[in-house]
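1. no sequence for this one, just the structure:
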């Protein structure tokens, strides 16, 4: 599933190409997770003013309104003026005077949703409950610590929820907790100030490195220019069950939390 690093990589690979483009037509394929929310023909003539990100959503600002784009579980975006003919899994195309933006999504859990602004009810519903952005200047340690102190759920479960901080997906949560030396099952409220600080720094470090490496490609993720990510080649615990820990040589273990695989070192992450 594309997480924050993959969405940020997608944004960076798109932003210069699409900014300033003027929409000519919208082509819709099979229904996605949520409806577009407007007549596709009404988007013609609108100019793309910019491309931002909030959590795992791309926010495309238009001269009138905005599009919220979610990649779902298997989605990816391409942009160009010579794309091949649309296939059975290509479900949204924004044709502009600079090229065509295409959403490819085999599972159709992604979405493109129109909103008048971020104050629109549909935008508030999708974005209103998101936690702090870990790669932004507004990611404050005291607020992060307060969010953990108010929750008794296991720390990995809380990270995946996105309620306190967004974007720490399954792979990255295992890596972050290993770097911070915290066991994934530890209740969030039991993590002391020094370990919270280590966790805070680990989140920034791991997600920054993941973006720099183009994200993680386990199956089909690639950026808008077709480049695969390489973070999966650098994982310390994720996907390494039974292999020796790089720090202490103890076998990496795997457990299930909320139907997701969690990887950790039983020695380096004692509590």
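-> Perfect, I can see it now. For clarity, every value in this text was computed on a predicted model and none was experimentally measured.
2. quick check, residue 79 in a strand?
-> Yes. Assessed with DSSP: H, G, I helix; E, B strand; the rest coil, residue 79 lies in a strand.
3. got the residue ranges for the helices in the stretch 151-271 of the chain?
-> In the stretch 151-271 of the chain, the helices defined using DSSP state H, counting those that start in this stretch lie at 155-161, 170-180, 193-212.
4. er, the stretch 1-150 of the chain I mean
-> Going by DSSP H, counting those that start in this stretch, the stretch 1-150 of the chain shows helices at 4-18, 121-127, 141-149.
5. circling back to that earlier point, the helices of the stretch 151-271 of the chain into JSON lines, with extra columns for mean neighbour count, distance to residue 16 and mean pLDDT?
-> Yep, even glycine has a C-beta here, placed from its N, CA and C like the rest. Putting the helices of the stretch 151-271 of the chain into JSON lines (neighbours: other C-beta atoms under 10 Å; distance: least, C-beta to C-beta, whole Å; pLDDT from 0 to 100) gives the following:
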{"stretch": "helix 155-161", "mean neighbour count": "22", "distance to residue 16": "32", "mean pLDDT": "97"}
{"stretch": "helix 170-180", "mean neighbour count": "25", "distance to residue 16": "26", "mean pLDDT": "96"}
{"stretch": "helix 193-212", "mean neighbour count": "18", "distance to residue 16": "17", "mean pLDDT": "96"}
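6. do you know which of the ones you listed lies nearest residue 246?
-> helix 170-180 (9.4 Å; C-beta to C-beta).
7. out of the helices of the stretch 151-271 of the chain, which comes closest to residue 136?
-> Closest among those, using C-beta to C-beta: helix 193-212, at 10.1 Å.
8. packing partners for that closest one?
-> Using 3 or more C-beta pairs under 8 Å, 6 or more residues apart in numbering; DSSP states H and E, the elements in contact with helix 193-212 are helix 4-18, helix 141-149, helix 170-180.
9. with distance to residue 125 as new columns, can those helices be given to me in CSV?
-> CSV is the format used below for the helices and strands packed on helix 193-212 (distance: least, C-beta to C-beta, whole Å):
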stretch, distance to residue 125
helix 4-18, 19
helix 141-149, 21
helix 170-180, 24
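10. relative to residue 240, which of those is closest?
-> Comparing the helices and strands packed on helix 193-212 under C-beta to C-beta, the one sitting nearest is helix 170-180, at 9.6 Å.
11. in JSON lines: the helices of the stretch 151-271 of the chain, plus distance to residue 238.
-> What follows is these, written out as JSON lines (distance: least, C-beta to C-beta, whole Å):
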{"stretch": "helix 155-161", "distance to residue 238": "12"}
{"stretch": "helix 170-180", "distance to residue 238": "5"}
{"stretch": "helix 193-212", "distance to residue 238": "11"}
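12. show me the one of these that comes nearest residue 87.
-> helix 170-180 (27.7 Å).
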